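Asks: When you get a sec, could you give me coordinates for this:
(2 chains)
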2 protein chains.
Amino acid sequence: MEAKGISQAVIGRLPRYFRYLGELKDEGIERVSSQELSDIMQVTASQIRQDLNNFGGFGQQGYGYNVEYLYEEIGKILGLDKEHHLIIVGAGHLGQALVNYMDFERRGFLFRGLFDIDPKIHGTRIRGIKVRPMQEMERFVKEKEIDIAVLTVPKSVAVGVAEQLVSYGIKGIWNFAHVDLHVPKGIQVESVHLSDSLMKLSYNLSSYDGQIEVE
Amino acid sequence: MEAKGISQAVIGRLPRYFRYLGELKDEGIERVSSQELSDIMQVTASQIRQDLNNFGGFGQQGYGYNVEYLYEEIGKILGLDKEHHLIIVGAGHLGQALVNYMDFERRGFLFRGLFDIDPKIHGTRIRGIKVRPMQEMERFVKEKEIDIAVLTVPKSVAVGVAEQLVSYGIKGIWNFAHVDLHVPKGIQVESVHLSDSLMKLSYNLSSYDGQIEVE
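Replies: This next block holds a predicted model:
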């Protein structure tokens, strides 16, 4: 499959296609036109066709898309046909919430270990997963072939922990600390900045109150 | 202050300016040039000038930006000079994690109540905030002038709960359920789709492995 030069904007929309196609599949729907997808996803049919054409050959004129096939193919493009092995660094409330979110496992994101600096919780288990001291992280990452680390540590230590993780061979960081991480080429970082999202909501509330027009 | 017609892309970048300016302020730095900001934020100086020019009159040729003033002004634009009153609907792990995140309170986002369908946890408190039955939500929202509801309920019930909240007068929904909410005009929704973010990371890991070039 040809997938060169796909923009991050298109990539960012793929999980949403995947979600809607999964829902259609669960409803037993076998095919869908770009117009029907457009209606339920509230994006233009032309955008859908353009996005999916990046990956070539999914649709058939006058037939539409085969739901299951498209769902499976987008899953493969997203790398969901492979298992990922994750650790969570920072076993606080957010780390625990993520471990308890079953949807990730269903998609092949398997939590292998939890790490925390607090000796009081070392050895305890969250949904069966043991909380370990930071000192064990290097060996664990290397032995268990961990590819993704979820960073739910305070901002003040996040940069240092990220550097450690990269030196241990971690390829992907899912960053929840409220700081931008600068990592070497070849390391992927995806950040979820919750405060930024809440501030954006606050802006939109204020500007609507004040009748400021937004493009 | 002129703030009409600001695009969502600019708005989306404001919290990041706010964060960096806050850090400079905490370090006691009084002024900063767009070039210095550019270096630490890793965006172009021209983008910074363009973004901030949307709001008019912050910089002075040859002087740069007054850090504290710019920080305060961006805070006002983001609506952070006002208090927001929030409820969390869904007192599971994620809801609890959000209540425990002190940064939000510091920014004026005050959690007033938690709601859940599980009678076993009604009356318990999380960081002092009582968990209440869903039946009390309407009265609570109206009496306490709640403006933002945080949705941390399962996907299957999120749409129904969002409709209820809107009918009670909620103006903003911070949505963590993995579903798109379609709300009446004038209601603001900001969604955090954690699974989408993790899938994007997975894509970038796969495409880098396979040496697929990304724009």
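
Asks: Name the helix or strand for A:Val189, please.
Replies: A:Val189 is located in strand A:188-191, with elements delineated by DSSP states H and E.

Asks: Tell me the strands beside that strand, with direction?
Replies: Strands that pair with strand A:188-191, judged by DSSP bridges, come out as strand A:172-175 (parallel).

Asks: Could I get the buried residue list for the strand it pairs with?
Replies: Judged by neighbour count (16 or more other CB atoms under 10 Å in any protein chain shown), strand A:172-175 contains these buried residues: A:Gly172, A:Ile173, A:Trp174, A:Asn175. In short, each C-beta sits where N, CA and C put it, glycine included.

Asks: Neighbouring strands - and their directions - for the strand with the most length in chain A?
Replies: For chain A, the strand with the greatest residue count under DSSP state E is strand A:109-116. The strands beside strand A:109-116 in its sheet (DSSP bridges) come out as strand A:84-89 (parallel), strand A:129-133 (parallel).

Asks: The helix or strand that comes right after the shortest one - contacts with which helices or strands?
Replies: This means strand A:129-133. Note on strand A:129-133: by DSSP H and E, the next helix or strand toward the C-terminus is helix A:137-143. Under the contact criterion of 3 or more CB pairs under 8 Å, 6 or more residues apart in numbering or on different chains; DSSP states H and E, helix A:137-143 touches strand A:84-89, strand A:109-116, helix A:155-167.

Asks: Give me the residues contacting helix A:137-143.
Replies: A:87, A:89, A:112-113, A:115, A:132, A:146, A:149, A:164-165, A:168-170 (CB atoms under 8 Å, 6 or more residues apart in numbering or on different chains).

Asks: which residue ranges form the strands in chain A?
Replies: A:31-32, A:59-60, A:64-66, A:84-89, A:109-116, A:125-126, A:129-133, A:148-151, A:172-175, A:188-191.

Asks: So what touches the third one?
Replies: Outside of strand A:64-66, the residues within contact range by CB under 8 Å, 6+ apart are A:Glu30, A:Arg31, A:Val32, A:Ser33, A:Ser34, A:Glu36, A:Leu37, A:Leu52, A:Phe58, A:Gly59.

Asks: again, 6 Å this time
Replies: With contacts defined as CB atoms under 6 Å, 6 or more residues apart in numbering or on different chains, strand A:64-66 is touched by A:Arg31, A:Val32, A:Ser33, A:Phe58, A:Gly59.

Asks: for the fourth one, same thing?
Replies: Outside of strand A:84-89, the residues that reach it under the criterion CB under 6 Å, 6+ apart are A:95, A:109-115, A:145-151, A:153, A:161.

Asks: Show the average pLDDT along that strand.
Replies: What strand A:84-89 shows for mean pLDDT is 97.

Asks: Name the helix or strand of chain A that has the lowest mean pLDDT.
Replies: Each helix and strand of chain A was given a mean pLDDT (mean pLDDT, DSSP states H and E); the minimum falls on strand A:59-60 at a mean of 68.

Asks: what's the single longest helix in chain A?
Replies: helix A:8-26 (DSSP state H).

Asks: The closest residue to A:Glu68 other than its chain neighbours: how many residues sit nearby?
Replies: Among residues not flanking A:Glu68 along the chain, A:Lys25 sits closest, at 5.6 Å (CB to CB, 6 or more residues apart in numbering or on different chains). A total of 16 residues lie near A:Lys25 under the criterion other CB atoms under 10 Å in any protein chain shown.

Asks: Give the rounded mean pLDDT of the longest strand of chain A.
Replies: Computed over strand A:109-116, the average pLDDT equals 97.

Asks: what's the answer for stretch A:135-151, then?
Replies: Mean predicted lDDT for stretch A:135-151 stands at 97.

Asks: got it, and stretch A:154-164?
Replies: Per-residue scores along stretch A:154-164 average to 96.

Asks: What lies in contact with it?
Replies: With contacts defined as CB under 6 Å, 6+ apart, stretch A:154-164 is touched by A:Val89, A:Leu151, A:Val153, A:Ile173, A:Ala177, A:His178, A:Val179, A:Leu181.

Asks: would you put the C-alpha positions of that stretch in PDB?
Replies: C-alpha atoms of stretch A:154-164 as PDB (Å, rounded to 0.1, in the frame of the first residue of the first chain):
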ATOM      1  CA  PRO A 154       4.700  15.900  37.200                       C
ATOM      2  CA  LYS A 155       6.000  18.500  34.700                       C
ATOM      3  CA  SER A 156       9.100  19.200  36.800                       C
ATOM      4  CA  VAL A 157      10.500  15.700  36.200                       C
ATOM      5  CA  ALA A 158       9.000  14.900  32.800                       C
ATOM      6  CA  VAL A 159      12.000  16.100  30.700                       C
ATOM      7  CA  GLY A 160      14.500  14.100  32.700                       C
ATOM      8  CA  VAL A 161      12.300  10.900  32.700                       C
ATOM      9  CA  ALA A 162      11.800  11.200  28.900                       C
ATOM     10  CA  GLU A 163      15.600  11.400  28.300                       C
ATOM     11  CA  GLN A 164      16.000   8.300  30.400                       C
END
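
Asks: can you list the residues of chain A near chain B?
Replies: For chain A, the residues in contact with chain B (CB under 6 Å from any CB of the partner chain) are A:3-5, A:7, A:11, A:15, A:78-79, A:93-94, A:96-97, A:100, A:103, A:171-172, A:174, A:188, A:190, A:192, A:195-197, A:199-206, A:212-213, A:215.

Asks: buried set for stretch A:118-130?
Replies: For stretch A:118-130, using 16+ other CB under 10 Å, the buried residues are A:Ile121, A:His122, A:Ile126, A:Ile129.

Asks: What of stretch A:50-57?
Replies: A:Asp51, A:Leu52, A:Asn54, A:Phe55.

Asks: in chain A, which segments are predicted with low confidence?
Replies: For chain A, the stretches with pLDDT under 70 are A:1-5, A:57, A:59-61, A:208-215.

Asks: try 50 this time
Replies: The model of chain A has pLDDT under 50 over residues A:1-3, A:210-215.

Asks: Could you list everything A:Lys130 pairs with in the sheet?
Replies: A:Arg125.
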